[in-house]
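Student: Below: sequence and its predicted model.
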Amino acid sequence: MQYRSHVNGEIRLKHVGLSVTLVGWVQRKRNLGSLLFIDLRDRSGIVQLFVKDPSLVPDLKQEYLIQVKGIVTKKDVANKALATGEVEIDVNSLTIINTAETLPLIVDDVTDAGEDIRLQYRYLDLRRSPMQEKMVVRSKILTAFHAFFAKHDFTNIETPLLTLSTPGGARDFLVPSRINSGTFYALPQSPQIYKQLLMIGGFERYYQIARCFRDEDLRADRQPDFTQIDVETSFLTQDEFLSLMELALKDVFLSVKGIQLPTPFPRLSYDKAMALYGSDKPDLRFDLPLSPVPRILRDAYVQAGFEATHIKALKLPNAVATLTRKVLDEWVTFVKPFGIKGLVMFKHDQGQLQSSFLKFVAPEKVSTLTKELGLNPGDVYLLGSHQELSVLNTAMGSLRTKGAKLLNLIDEKKFAIAWVTDFPLFDTNEEGQLVAAHHPFTRPQDADVAMLTSNPKKVLAQAYDLVINGYEAGGGSMRIFNKAIQKQIFSLLGMSDESIQKKFGWFIDAFNYGTPPHGGIAFGLDRLTMILTGTDNIKDVIAFPKNLKMIGLLEGTPNTVETKQLDELSIQIKEKK
Ligand code: ASP
């Protein structure tokens, strides 16, 4: 006997009169004495059942799994909230397949449960349609990428999960080797080196849906294991490569969201992004650029005794009514940890420029200032300063986002995509040592190679990030394919010849055999799914995530293991100090 003749969500007027067999979970029931209504849910949706003689039906509780047979009938009054709302099922037999105990969480679109309970009973949480929808979007994204890569001649290749500890900017998860006692594998932070070796191996176009592992402190948008759509190609210039990836994203957005993304995507240099938006992943759904400050104001600022090494302004149109004293006070508190002392506010209100700061501006200059600021009635102009431009940019960039939220300038339905390019090749750490801004395999810009010796901090990289709505949704670079330059980069990063040889000799040796020019990217699947489902919580888009303490509450990971297992690995647990 079949379990079902139809899925619940597909029943429509055209089925009226048909006898159907359905299965599903009892989402809701209403017993009117002479009539029992049941909302029956399966993966496809909900259909309403009615039972004319409730006394013949066993007692049903929420999430009981039942099978019913009945006739599709037309409802007198359609329920517009349901896709199946024009019909209902007149039940003539009902069987309980499995019962359910009292539920630890409400299985419905909105649940009352806290996150820990949702994670502990994830299989119940996953039954809720908002969770199902997100997982479906995730799956559709993958399907679209697979189809794109197949169409464009990419080969899907898996790389080892038990691998070497290599620099990826985070701590590795280690796996002890039993057979080679005292040695460890590392779980990959990304397949970076392998995908480069695949280019050296002649594949030209590789991709992989790659699980990556980074042992970092968790935040709302991070998980210790996550998924990248990992890509590498040979013989493409940066421009050609970015254009190809635009086609991939176009396909993904079209098939998942029905949205036609215009190409080419805007490209913005890192310097410009920082100067205009104070962030290397600006939210471009709204404009609100940061601006330099007119001379008169800069002078007044100094005169007022403020730190004025770097000053920047944010103009907020039509904000006089919303940017109240209270909001401003909150913003001042918000920028304090950045080291920004006070924000100066000007407003164009009641026909004139107003600010307590005007006392520092010579009266005869006020009208020039008004003109230079170019404020319209209702506009607000905010100033902040700091000794370090990068800190100022970040702080003012955050205010830019706060301002957009306050003024309701963010169109939640919009997707603003751009490439941020021309990143610096190096950052400097607290000890003054150069560190790779992206990773050590990133190719410097051709025109800057000579500066590797003379002024490495100024060298720009052939690196790029994909930014969507203020999130970094992907990042990559063209790679070094010249042995001497690769060695030079390692040594600029503070590695001795000996340690280069020890750690990367095996990789650098591969450069001896006709390495092709190559480059690639990794898109964050979790991030992309978050963006396309409109959530800012990464746990919403992963079936079985860890909580913020890195604990898998459902299965209880991490776990202690038997002494015998430790003995086999020659491992002894020390007490943590
Ligand atoms: N492997 C890099 C990362 O995980 C991405 C890339 O350069 O392709 O960030």
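Tutor: Sure thing, it's come through.
Student: show me where the stretch 1-150 of the chain has strands.
Tutor: Taking DSSP state E, counting those that start in this stretch as the test, the strands found in the stretch 1-150 of the chain are 19-31, 36-42, 45-51, 65-74, 87-98.
Student: hmm, who's touching the fourth one?
Tutor: Residues outside strand 65-74 that contact it (C-beta atoms under 8 Å, 6 or more residues apart in numbering): 3-4, 11, 13, 15-26, 38, 40, 49, 60, 86-100. In this view, the C-beta of every residue, glycine as well, is placed from N, C-alpha and C.
Student: Weed out the non-buried ones from these.
Tutor: 11, 15, 20, 22-26, 38, 40, 49, 60, 86-89, 91, 94, 96, 100 (16 or more other C-beta atoms under 10 Å).
Student: Where does the stretch 101-250 of the chain get nearest to the ligand, which residue?
Tutor: Closest to the ligand within the stretch 101-250 of the chain is residue 190: 3.4 Å, counting by C-beta to the nearest ligand atom.
Student: check contacts around that residue.
Tutor: Neighbouring residues of residue 190 by C-beta under 8 Å, 6+ apart: 168, 210, 212, 228, 230, 522.
Student: and the residues you listed, which of them are in strands?
Tutor: Residues of the contacts of residue 190 located in strands (DSSP state E): 210, 212, 228, 230, 522.
Student: Please tell me how far the first one sits from residue 55.
Tutor: Going back to what we said before, that points to residue 210. From residue 210 across to residue 55, the span is 58 Å (C-beta to C-beta, to the nearest Å).
Student: neighbour-wise, which of the two wins?
Tutor: Taking neighbours as other C-beta atoms under 10 Å, residue 210 and residue 55 compare with residue 210 leading, 22 against 8.
Student: Bridged to the more buried one, which residues?
Tutor: residue 228 (DSSP bridges).
Student: So which bits of the longest helix along the chain are buried?
Tutor: As assigned by DSSP state H, the longest helix anywhere in the chain is helix 129-151. For helix 129-151, burial by neighbour count (16+ other C-beta under 10 Å) applies to 129, 131, 134-135, 137-138, 140-142, 144-145, 148-149.
Student: List, one by one, the residues from this protein near the ligand.
Tutor: 190, 192, 475, 476, 477, 520, 521, 522 (C-beta under 6 Å from any ligand atom).
Student: taking these as a set, which two sit the farthest apart in space?
Tutor: Farthest pair in the residues of the chain next to the ligand (C-beta to C-beta) is 190 and 477. Separation: 12.2 Å.
Student: quick revisit: residues making contact with the longest helix of the chain?
Tutor: Helix 129-151 is contacted from outside by 43, 109, 125-126, 156, 205, 207, 209, 229, 231, 247-248, 251-252, 254-256, 525, 528-529, 532-533, 535, 540-541, 543, using C-beta under 8 Å, 6+ apart.
Student: Could you do stretch 210-221 as well?
Tutor: 159, 161, 168-173, 187-191, 222, 224-230, 471, 522, 527, 530, 536-538, 546, 548-550.
Student: Which ones among those map onto helices?
Tutor: 527, 530.
Student: Check the burial of residue 377 by counting its neighbours.
Tutor: What residue 377 shows, counting by other C-beta under 10 Å, is a neighbour count of 12.
Student: Surely it is in contact with residue 349?
Tutor: Yes - the pair residue 377 and residue 349 qualifies as a contact (C-beta atoms under 8 Å) at a distance of 7.5 Å.
Student: on that earlier part again, the contacts of helix 129-151 in helices, which ones?
Tutor: 125, 247-248, 251-252, 254-256, 525, 528-529, 532-533.
Student: Local confidence estimate at residue 332?
Tutor: Per-residue confidence at residue 332 stands at 92 (pLDDT).
Student: residue boundaries of the helices in the stretch 301-450 of the chain?
Tutor: 325-335, 366-373, 389-406 (DSSP state H, counting those that start in this stretch).
Student: would you list the ones you listed in CSV and tack on mean neighbour count?
Tutor: Shown next, in CSV, are these (neighbours: other C-beta atoms under 10 Å):
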stretch, mean neighbour count
helix 325-335, 14
helix 366-373, 15
helix 389-406, 20
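Student: could you dump those to JSON lines with distance to residue 183?
Tutor: Shown next, in JSON lines, are these (distance: least, C-beta to C-beta, whole Å):
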{"stretch": "helix 325-335", "distance to residue 183": "48"}
{"stretch": "helix 366-373", "distance to residue 183": "65"}
{"stretch": "helix 389-406", "distance to residue 183": "41"}
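Student: Lowest mean pLDDT across those, which one is that?
Tutor: helix 366-373 (a mean of 86).
Student: ok, back up a step: what is the nearest of the contacts of residue 190 to residue 297?
Tutor: Using C-beta to C-beta, the contacts of residue 190 come closest to residue 297 at residue 522, 43.6 Å.
Student: Ignoring the adjacent residues along the chain, who's closest to that closest one?
Tutor: residue 228 (4.1 Å; C-beta to C-beta, 6 or more residues apart in numbering).
Student: again, but for residue 373
Tutor: residue 381 (5.6 Å).
Student: Just give the number of residues close to the one you found.
Tutor: 22.
Student: For it, give me its contacts.
Tutor: Here residue 381 is in contact with 313, 314, 315, 316, 345, 346, 347, 373, 375 (criterion: C-beta under 8 Å, 6+ apart).
Student: Buried among those? Need that as a selection in PyMOL.
Tutor: A single PyMOL command selects the buried members of the contacts of residue 381 (16+ other C-beta under 10 Å):
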select buried, resi 313+314+315+316+345+346+347+373+375
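Student: Return the subset of the contacts of residue 381 lying in strands.
Tutor: Taking DSSP E as the definition of strands, the contacts of residue 381 contribute 313, 314, 315, 316, 345, 346, 347.
Student: would you turn those into a markdown table with pLDDT?
Tutor: Below are the ones in strands among the contacts of residue 381 laid out as a markdown table (pLDDT from 0 to 100):
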| residue | pLDDT |
| --- | --- |
| 313 | 94 |
| 314 | 96 |
| 315 | 95 |
| 316 | 95 |
| 345 | 92 |
| 346 | 92 |
| 347 | 92 |
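Student: any idea of the pLDDT on residue 307?
Tutor: Residue 307 is given a pLDDT of 74.
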